[in-house]
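Engineer: next comes the sequence, and after it the predicted model I'd like to discuss.
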Amino acid sequence: MSGRLTRLKAMTVKEIWALLRDPKSRMVLILPPLIQLLIFTFATTLDVKNVDIGLVDRSNGAHAQELVQRIAASPQFRDVIVLPSFQAMEAAIDDQKVLAALVIESDFDQKLARGESATVGLVLDGRRSNAAQILGGYVSRIVADYGAELSPRMAARGGGSDVTHWYNPSLDFMWFTLPSLVAIIVSIAGIAITSQAVARERELGTFDQLMVSPLRAHEILIGMMVPPMLVGLFNGILFLLVARFGFGVPFSGSFLLFILSMAVYQLALIGMGLLVSSASMTQQQAFLGSFVVTVPLMLLSGYAAPIDNMPDWLQIVTYADPIRYFLIIVQGLFLKAMPASVVFSQTWPMALIACVTLGAAVWLFRARME
């Protein structure tokens, strides 16, 4: 038993020194992921701001001017571009000078003066469907608020709704993106580091030395797993502290559950990285292989698009994606103090993925040894 521990310790120390000495591996340890976290936090905003909106005003009345001024004063809009005709509106949207155009008909003020309801038209650029829908919601809310002021009786008769936003009262997009980026960036670094392990030994010519050493196959792989596990846990804790104290995102869950679930998450990622590394002959092949694995994992995780919106057959594929489960855990622990039972319900699928990927990596590694 002591001999096995001695061999594991020697292999682990060797891999840590190899990781620190190799410039390619050292480049993806701590600083680049931290820079990615800071940049992506501001780049992946879900808000729509500083947008130009077109205006085709055929009414030129006081009510129309008041409505336009309210839209121009909104922080979401940068400028209201007056368009003389529908042809000019089509050209502005076609050239992407504006994302949307407001159309006010000639009888708009006359209807409001008679106490009748009046409508305005809104033309949206469907090529940017998500941003256009959000922008349409902004305009609709401004128009509805102005209509309620003009006719308070009708607004009161129509009732209303008392809206409460659970878990994110101010609807701050950072409260969603930062926890998600913790899972995404940790996965990129974890797979990238692990995928270089076996390929590095082959490229440096030290793979044959490992084969004739007293180390067994599983001991070699365990030694290769420890450094990326330590780096992943360190990055995860660092990102949690940056999100909590740097950006003010609340962490209301259990820190212990966060560490335990991240350890299982890292095992699943390490298994995929070792599988790629065992199949690669050079570090360049390993890098390309890690890229091929990482991009689909991110797209299928539910971070970029909801899983429920995907086709049924693709939703089945997402069950093999460990990022899917850890996203739920990290968002739940940050924002709503997710209980241990729910955390474990998302952790055991990651443990199953880890068993499959690590088992496949051991099999492929032994096959390559022979």
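Structural biologist: Received, thanks.
Engineer: which secondary structure element contains residue 123?
Structural biologist: strand 121-124 (DSSP states H and E).
Engineer: ditto for residue 79
Structural biologist: strand 77-82.
Engineer: quick one: residues in contact with that strand.
Structural biologist: Here strand 77-82 makes contact (Cβ atoms under 8 Å, 6 or more residues apart in numbering) with 50-55, 57, 68, 71-72, 92, 97-98, 138. C-beta: built from backbone N, CA, C; applies to glycine.
Engineer: pretty sure residue 102 sits in a strand.
Structural biologist: Yes - using DSSP: H, G, I helix; E, B strand; the rest coil, the secondary structure at residue 102 is a strand.
Engineer: residues touching it, list them.
Structural biologist: 53-56, 68, 71, 120-122, 139.
Engineer: among these, which lie within strands?
Structural biologist: Counting by DSSP state E, those place 53-56, 121-122 in strands.
Engineer: widest-spaced pair of those?
Structural biologist: 53 and 121 (12.6 Å; Cβ to Cβ).
Engineer: between the two, which one's more packed in?
Structural biologist: residue 53 (24 against 10; other Cβ atoms under 10 Å).
Engineer: pLDDT weak spots in this structure?
Structural biologist: For the chain, the stretches with pLDDT under 70 are 1-20, 22-31, 42-47, 151-172, 201, 204-219, 368-370.
Engineer: helix, strand, or coil at the residue minimising distance to the centre of it?
Structural biologist: Taking Cα atoms, centre = their mean, the centroid of the chain lies closest to residue 303, which sits 4.1 Å from it. Assigned with three-state DSSP, residue 303 falls in the coil class.
Engineer: related to what we said a few turns ago, in the strand holding residue 123, what counts as buried?
Structural biologist: 122-124 (16 or more other Cβ atoms under 10 Å).
Engineer: have a look at this structure and report its longest helix.
Structural biologist: The longest helix of the chain (DSSP state H) is helix 340-369.
Engineer: how about that helix: buried residues?
Structural biologist: Applying 16+ other Cβ under 10 Å to helix 340-369 flags 343, 346-347, 349-351, 353-354, 357-358, 360-362, 364-365 as buried.
Engineer: please apply the same query to stretch 256-267.
Structural biologist: Quick answer for stretch 256-267 (16+ other Cβ under 10 Å): 257-258, 260-267.
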